[in-house]
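K.L.:
Quick one: sequence plus predicted model below, questions after.
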Amino acid sequence: MRDKSSAGLSFSWGHSRPFNDFPDYLKKRFGTRVQKLSIDAGFTCPNRDGVVGTGGCTFCSNKAFTPGYCTPQKTVTEQLTKGMAFFSRKYPATRYLAYFQAYTNTYAPLAQLRSLYEEALSVPGVVGIVIGTRPDCVTDDILVYLETLAKRVYVSVEYGIESTSDKTLARVNRGHDFADTVEAVRATSGRGIQTGGHLILGLPGESPGDMLGHAFALNLLPLDIIKIHQLQLIQGTPMADEYASKPDDFTLFTPESYRDLLIRFLEVLRPSMVVERFASVSSPGLLVSRRWGLKNYQLVNLVEKEMARRRTWQGRLFSE
């Protein structure tokens, strides 16, 4: 499938990078560059409004990742238009995916969801939607609708998995367990809908071995895409307070230690799984944890260069 004698040759997913890269996947699928545009459609979460809990996840700070053009006071169309204006200066020929990102974007009646999704798809240049949500917030009715929608446009559902450990999920006030993730991912993929997941490395109480264990657990699920982030401690969150009182429970990475963990993670990760992101970068003014001073592409370059040096690749140690 691949020539193991050289890290520079083409890998099984059809390009020369040592991991199954998301931008390349999109370019191959659409024939051009595709940019995700974040949307805040005004949703909340069931562990914020009291349905399963209050206070939200202990690590969560929506302002840490939301672009300036995203605000629920603007319509979906207005947010997309502003996002396009921002990116078109740099990438004039880009197509776009409407990314319903903030909080839980299936947490509403189906009629409301359909109206929001269809509004996004009606904006010229938008070729599909990505829906960020929780594993416990997708009903059969929603999946039936998305299955139909996916037959005419690109649709991807991105689940906040965060950890495969029930102990960790309880500690961060997630409000669901890993069994909910397994059920949701299988149900979504079973309807032919592209299925992604979001994972945080470095949650309190988890050792590097525990973090690598997530890869083995996720390999068993029909996930198409994985997005990996390091834990960032954000000012004003309960987790920042927890870190102040129990710092020894946390693994705070340097860029080099995180790079090394990522490479070990990738080596055991199923090679067919597309890797969308390796890290998250929040504003330095929001961070309690160590500031790296790196942009995402610079971290990716560190990982890729070291993988080439080690002559390794995604899935090198993967086993069915």
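P.N.:
It's in. Not measured: the values here are computed from a predicted model. Numbers count the residues shown, from 1 in each chain.
K.L.:
residues contacting L212?
P.N.:
261, 264-265, 268 (C-beta atoms under 8 Å, 6 or more residues apart in numbering). Just so you know, the C-beta spots here come from the backbone N, C-alpha and C atoms, and that holds for glycine as well.
K.L.:
ok, V34 to V130 distance?
P.N.:
11 Å (C-beta to C-beta, to the nearest Å).
K.L.:
Which one's more surrounded, these two?
P.N.:
The residue with more neighbours, out of V34 and V130, is V130; 23 against 20, by other C-beta atoms under 10 Å.
K.L.:
Can you tell me who the more buried one pairs with across the strands?
P.N.:
The partner list for V130 in beta bridges (DSSP bridges) reads Y99, S156.
K.L.:
Hmm, L231 and I200 touching each other?
P.N.:
Yes: under the criterion of C-beta atoms under 8 Å, I200 makes contact with L231 at 5.5 Å.
K.L.:
between the two, what contacts are shared?
P.N.:
F59.
K.L.:
Can you tell me the element F59 falls in?
P.N.:
For F59, there is no host helix or strand (DSSP states H and E).
K.L.:
ok, so what distance separates the residue nearest to it when sequence neighbours are not counted from E162?
P.N.:
Leaving out its chain neighbours, the residue that sits closest to F59 by C-beta to C-beta, 6 or more residues apart in numbering is M239, at 4.6 Å. The spacing between M239 and E162, counted by C-beta to C-beta, is 12 Å.
K.L.:
got it, and W313?
P.N.:
26 Å.
K.L.:
When those two are compared, which one has more neighbours?
P.N.:
Using other C-beta under 10 Å as the criterion, W313 and E162 rank with E162 on top: 26 against 23.
K.L.:
and the nearest residue to A150 once chain neighbours are set aside, how many neighbours?
P.N.:
Closest residue in space to A150, ignoring its immediate chain neighbours: I193 at 5.2 Å, by C-beta to C-beta, 6+ apart. Neighbours of I193 under the rule other C-beta under 10 Å: 19.
K.L.:
I193 is in contact with V157, isn't it?
P.N.:
Yes: counting by C-beta under 8 Å, I193 touches V157, with 5.8 Å between them.
K.L.:
Overlap of the contact sets of the two?
P.N.:
L146.
K.L.:
if we can go back for a sec, let me have the contacts of L212 in TSV, adding pLDDT and neighbour count as columns.
P.N.:
Converted to TSV, these look like this (pLDDT from 0 to 100; neighbours: other C-beta atoms under 10 Å):
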residue	pLDDT	neighbour count
L261	97	19
R264	98	17
F265	98	21
V268	98	17
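K.L.:
Cross these against helices and list the overlap.
P.N.:
261, 264-265, 268 (DSSP state H).
K.L.:
Sort out which one of these lies nearest R114 for me.
P.N.:
Ranked by distance to R114 (C-beta to C-beta), these are led by F265 at 37.0 Å.
K.L.:
could you list every residue that touches the closest one?
P.N.:
Per C-beta under 8 Å, 6+ apart, neighbours of F265: 201, 211-212, 214-215, 228.
K.L.:
Where helices are concerned, which of those count?
P.N.:
Per DSSP H, those map to helices at 211-212, 214-215.
K.L.:
so where do the helices sit in this protein?
P.N.:
22-30, 76-88, 110-121, 140-149, 166-171, 178-190, 208-219, 238-245, 255-268, 296-310.
K.L.:
would you turn those into a markdown table with distance to L317?
P.N.:
Below are the helices of the chain laid out as a markdown table (distance: least, C-beta to C-beta, whole Å):
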| stretch | distance to L317 |
| --- | --- |
| helix 22-30 | 22 |
| helix 76-88 | 37 |
| helix 110-121 | 39 |
| helix 140-149 | 34 |
| helix 166-171 | 24 |
| helix 178-190 | 23 |
| helix 208-219 | 10 |
| helix 238-245 | 32 |
| helix 255-268 | 4 |
| helix 296-310 | 12 |
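K.L.:
closest one to V274 among those helices?
P.N.:
Once the helices of the chain are compared by C-beta to C-beta, helix 22-30 is nearest, at 4.9 Å.
K.L.:
Give me the helices and strands touching the closest one, please.
P.N.:
strand 34-39, strand 274-277 (3 or more C-beta pairs under 8 Å, 6 or more residues apart in numbering; DSSP states H and E).
K.L.:
and these, which is most packed in?
P.N.:
Using mean count of other C-beta atoms under 10 Å, the stretch among these with the largest mean neighbour count is strand 34-39, at a mean of 23.
K.L.:
how much does that one deviate in direction from helix 76-88?
P.N.:
140 degrees (axes from the mean of the first three to the mean of the last three C-alpha atoms, to 10 degrees).
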